[in-house]
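Undergrad: quick one: sequence plus predicted model below, questions after.
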Amino acid sequence: MSTPLRVTPPLLSIALAMAGVGMLAFLPEPLNLLLGGPMLVLGLGLLLYQISRAESPQRRALRQLEDENLALRLRADREDQLRRGILASLREGVVVFGEDRRLLQANPAAALLLGSGSRLMEGAGLTEAFRDPESLAHLEAAFRGDAPEWTLRREPRVLRVRALPFQAGLEARGVLITLDDVTRMEALETTRQKFISNASHELKTPVTAIRIAAENLQDGAAPGPEGEASLRSILRSVEKMTLLLNDISELSRIETGALILEPRPLAVGGFARELVEDLSAQGQAKGVSIHLNLGAGISSLTVDADPLRLHQLLENLLSNAVKFSPEGSEVELEVEREAGGLKWTVTDQGPGIPEAEQSRVFERFYRTASARAVPGTGLGLAIVKHLARLMGGEITLKSEAGKGAAFTFRMPL
């Protein structure tokens, strides 16, 4: 039994092409052009199509390898974009150097923290990114395997720098550098140290006075005049220490957020009159009168405010004004309405505050040259500033040397 002939697409293409050639050769000219030409073109077209589809195993393997390489490149690109996106979102600066001391990568935060004096382009050297000798010495130590930390000052910032050696795989080695902005932390630490130093100094004087007075009593000074003088000295010193410790405690509560305002309806006119009355005894003892000036509509005005803390703020201002006013002078408390709030102004006729010192009067323990002879803890205006902020307002100063001072508290309504 004969096997049937299997006609494949390539054989069919060849047959059509040969038939077309035969027609062109043996048929009359009109017919061969009509039938043979198209059959030849069709056959050759089918043959070329089949040849183009024919693919060797080697070519298929090569194409598969190319597809896999493309997929790997796309995956690597996605991972690189993800890594760069993560680095760009960090607030901490990150700089990476390869083993050849050339920069591999740096995020935007690093450029911001190091400033324009550092060149952080890919391929830059160590000395182009970190120019100071201390940093270069630490980085060389990191390339030797150490993990140094140091402080770098790039005005106006203070940076904490860490350098960590790394190894990724068998060949990729280098150093990873992180940069943290610790400017605020250092400022707080400086303030803390200064605060402790000033508090210790302020407490030293009354403690010394107590010790001397106690020694006098121990030596038999009581109960005569000398003993009474020693007892009075002890009481004055204890009172000064108590005031200082109270102010320190109050300032700490405000700064840490432990002090919570308790606002309630407050009749402004009546509150202001009571405040002046409370301070009148201090004024009379110094020979200073306190005058109240209420603006239009203030007497009948009611606002929501914490009366205790508002009283504390204004009492500090009035008490300071009385302390620095000469005998026979006047201190004025003026209350006025203004757009969006109330304005409380305390004006005295004291020595005034030089312009060069005005920016520092609200600092803890800061005393102007004219204030050092006046008793006080040095914390009153610092408490005023923080209370004003707690109430959502602001405190300002206007003064000229020899012409008194005016402190204004603007309180929003």
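TA: Cool, the structure landed. Numbering: from 1, shown residues only.

Undergrad: tell me which residues touch the most centrally placed residue in the chain, please.
TA: Taking Cα atoms, centre = their mean, the centroid of the chain lies closest to residue 184, which sits 7.5 Å from it. Applying Cβ atoms under 8 Å, 6 or more residues apart in numbering to residue 184 gives no contacts. C-betas here are computed from N, CA, C, even on glycine.

Undergrad: ditto for residue 92
TA: When contacts are counted by Cβ under 8 Å, 6+ apart, residue 92 touches 109, 178-180.

Undergrad: who wins for neighbours among those?
TA: residue 179 (24 neighbours; other Cβ atoms under 10 Å).

Undergrad: who's it bridged to?
TA: residue 93, residue 161 (DSSP bridges).

Undergrad: that one touches residue 114, doesn't it?
TA: Yes: counting by Cβ atoms under 8 Å, residue 179 does reach residue 114; the two are 7.1 Å apart.

Undergrad: quick check: neighbours shared by the two?
TA: With Cβ under 8 Å, 6+ apart, residue 179 and residue 114 have common neighbours 93, 159.

Undergrad: so what touches the host helix or strand of residue 346?
TA: Assigned by DSSP states H and E, residue 346 belongs to strand 341-347. Contact with strand 341-347 is made by 268, 303, 314, 317-318, 321, 331-337, 393, 404-413, as judged by Cβ under 8 Å, 6+ apart.

Undergrad: mind redoing it with 7 Å?
TA: 268, 303, 314, 317-318, 321, 331-336, 404, 406-413 (Cβ atoms under 7 Å, 6 or more residues apart in numbering).

Undergrad: narrow those residues to those in strands?
TA: Counting by DSSP state E, the contacts of strand 341-347 place 303, 331-336, 406-412 in strands.

Undergrad: who wins for most neighbours among those residues?
TA: Neighbour max across these (other Cβ under 10 Å) = residue 331, 27 neighbours.

Undergrad: would you mind measuring from that residue to residue 385?
TA: 20 Å (Cβ to Cβ, to the nearest Å).

Undergrad: what's the answer for residue 152, then?
TA: 32 Å.

Undergrad: cool, residue 288 as well?
TA: Taken as Cβ to Cβ, the span from residue 288 to residue 385 is 24 Å.

Undergrad: which of the two has more residues huddled nearby?
TA: Ranked by neighbour count (other Cβ under 10 Å), residue 288 and residue 385 place residue 288 first, with 24 against 20.

Undergrad: surely that one meets residue 331?
TA: Yes: using Cβ atoms under 7 Å, residue 288 is in contact with residue 331, at 5.9 Å.

Undergrad: ranges for the strands of the stretch 251-400 of the chain?
TA: Secondary structure of the stretch 251-400 of the chain (DSSP state E, counting those that start in this stretch): strands located at 264-267, 289-294, 302-305, 330-338, 341-347, 394-399.
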